[in-house]
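Here is the input, now give the coordinates:
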Amino acid sequence: MLDVDVGAVLDLGKVTSNGNHVLRAIKIRNHGEGPMLVHLSSDRPQEISFQLHNDNLPDSDSSSSASLGAENDFNQLFNTIGIIHELQIPARSEQRVVLTYLPARYDWENQDDALSSKQTIIGGQRDAVSLTSSKSVIGPVSGTVNSPVSVSGTLNFTGKILGGGSTEGGEIHTCSVRLLAQVCKSVLALQPTEIMLSSCVPGGIYYRDFTLLNLSNIPLYFSMILSPATSQAVANKTLKLSEKPRK
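Numbering: from 1, shown residues only. Modelled structure (predicted):
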């Protein structure tokens, strides 16, 4: 009488623990002859919630919008409003629901000791660095500093057939879905940590390279925040930042 279109298991794959939600659209189906009141819950209530609509995941999009892509026009406010705990589904109908998952922060402190002393971790909620107003993405490098944490939970759906002349009125139906995810720590490193431009002459052009390293187990979007002085240098074209072509 009651089921979910994703089947018995919903695997979100690799996600990042950086304060961004993972979104997934699911459909709850009522196969009964009467309307059904469905209660939604999980065994991870601090991390999992449900919505009928989320502007970060348009109604026409059934795909996941993971924390990986959350930097692109992703408004975190939309992930925290309109939370529901139950909904009513007409007879022989289905209802689209947005599942939001906010991965917990885990303690990778011991694993972080593997970082070289010459690398500087760029922290913050978004764990992101930004060169310009545009967003960029880098994939993970070899020798990442942490292993993903395997997360398992249960989504519970309990439906009660309402009256209205149906012979099934009052019947209780249940459905559960196992939720799986691999939670990765969001870590960016910078080499070198400072750039020296010595013995410069007016009118000269000087080049220095620096490298951003994604030490996570998943590609990351990033944006670098410039100091006021550096921003002014970029604006008057005395300083230019560009991506070095890959060989």
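
Which helix or strand in this protein has the lowest average pLDDT?
strand 120-121 (a mean of 34; mean pLDDT, DSSP states H and E).

can I see the domain layout of the protein?
2-105+149-184, 109-145+186-247 (automatic domain parsing).

Switch these over to CSV; also include mean neighbour count.
To be clear about C-beta, it is placed using only N, CA and C from the backbone, and glycine gets the same treatment. Formatted as CSV, the entries for the domains of the chain read as follows, by neighbours: other CB atoms under 10 Å:
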stretch, mean neighbour count
domain 2-105+149-184, 17
domain 109-145+186-247, 13
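
among these, where is the model least confident on average?
Looking at those, the lowest mean pLDDT belongs to domain 109-145+186-247 (a mean of 66).

what does the helix of greatest length in the chain contact?
When the chain is scanned for its longest helix (criterion: DSSP state H), the result is helix 228-235. Applying CB atoms under 8 Å, 6 or more residues apart in numbering, the external contacts of helix 228-235 come out as 226, 239-241.

make it 7 Å
Helix 228-235 is contacted from outside by 226, 239, 241, using CB atoms under 7 Å, 6 or more residues apart in numbering.

Tell me the one of those nearest Gly139?
Nearest to Gly139, judged by CB to CB, of the contacts of helix 228-235 is Leu241 at 20.2 Å.

Next one: the closest one relative to Phe78, how far apart?
Leu241 sits 32 Å away from Phe78, going by CB to CB, to the nearest Å.

how about the helices of the protein, start to end?
Taking DSSP H as the criterion, the chain carries its helices at 109-112, 228-235.

neighbouring contacts of stretch 27-37?
Taking CB under 7 Å, 6+ apart as the rule, stretch 27-37 contacts 1-5, 38, 86, 88-97, 157, 159-162, 164, 166, 168-169.

hmm, try it at 8 Å
Stretch 27-37 is touched from outside by 1-5, 38, 86-97, 157, 159-169, 171, 173, with contacts defined as CB under 8 Å, 6+ apart.

Dump that stretch to CSV, keeping only the CA atoms.
The C-alpha atoms that make up stretch 27-37 are tabulated as CSV, following Å, rounded to 0.1, in the frame of the first residue of the first chain:
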residue,chain,number,x,y,z
LYS,A,27,8.5,10.0,-4.3
ILE,A,28,6.2,8.4,-1.7
ARG,A,29,3.5,6.4,-3.3
ASN,A,30,0.0,5.5,-1.9
HIS,A,31,-1.4,2.4,-3.6
GLY,A,32,-4.5,2.3,-1.5
GLU,A,33,-8.1,3.2,-2.4
GLY,A,34,-8.3,6.0,0.1
PRO,A,35,-6.3,9.0,1.0
MET,A,36,-3.3,8.3,3.3
LEU,A,37,-1.7,10.4,6.1
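
how close does His85 sit to Phe157?
Distance of His85 to Phe157, computed by CB to CB: 11 Å.

Overlap of the contact sets of those two?
Taking CB under 8 Å, 6+ apart as the contact definition, His85 and Phe157 share the neighbouring residues 39-40.

Quick one: residues contacting Arg24.
Contact analysis of Arg24 by CB under 8 Å, 6+ apart lists 10, 12, 64, 98-99, 101.

Just grab the bridge partners of it for me.
On the basis of DSSP bridges, Arg24 takes part in beta bridges with Leu99.

any idea how far Phe210 is from Gln191?
7 Å.
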